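generate coordinates for the sequence data below:
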Amino acid sequence: MKARVYVRLKASVLDPQGKAVLSGLQGLGFEGLEDVRVGKLIEITFSGAVRKEEAGRAVHRMCEKLLANTVIEEFDYEIIE
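Residues are numbered from 1 along each chain as shown. Have a look, this model is predicted:
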């Protein structure tokens with residue numbers, strides 16, 4: 001079983017990397033772009049037999065304790081069987 005964790009800055013937090021990407025895309029001629037937010041994807045593979053509910057609870061705790069700085073970041077995750 002795997003989990004995919006998506007971490008990104010909260011909407012209220014300035015994203016300078018996203019602004020740089022937006023500027024670069026506009027410089028390459030891509031039009032109609034309003035904003036770009038950059039985040040990170042973390043893939044976790046569980047060993048052995050783990051129930052989907054257990055994996056979800058574990059991933060949520062991982063995010064709160066280490067994977068995301070919950071003061072400035074938000075996270076979502078999906079469990080893939």
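
those strands in this structure, which residues are they?
Shown for the chain, the strands assigned by DSSP state E span residues 2-9, 39-45, 73-80.

show me what counts as buried in the shortest one.
In other words, strand 39-45. Going by neighbour count (16 or more other Cβ atoms under 10 Å), the buried part of strand 39-45 is Gly39, Ile42, Ile44. No exception for glycine: its C-beta is placed from N, CA and C like everyone else's.

contacting residues for the residue of the chain most remote from its centre?
Residue farthest from the centre of the chain, counting by Cα atoms, centre = their mean, is Gly29 at 27.1 Å. Residues near Gly29 by Cβ atoms under 8 Å, 6 or more residues apart in numbering: none.

dump the buried residues of strand 39-45 into CSV; add pLDDT and distance to Arg4 as well.
Converted to CSV, the buried residues of strand 39-45 look like this (pLDDT from 0 to 100; distance: Cβ to Cβ, whole Å):
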residue, pLDDT, distance to Arg4
Gly39, 98, 12
Ile42, 98, 7
Ile44, 98, 8
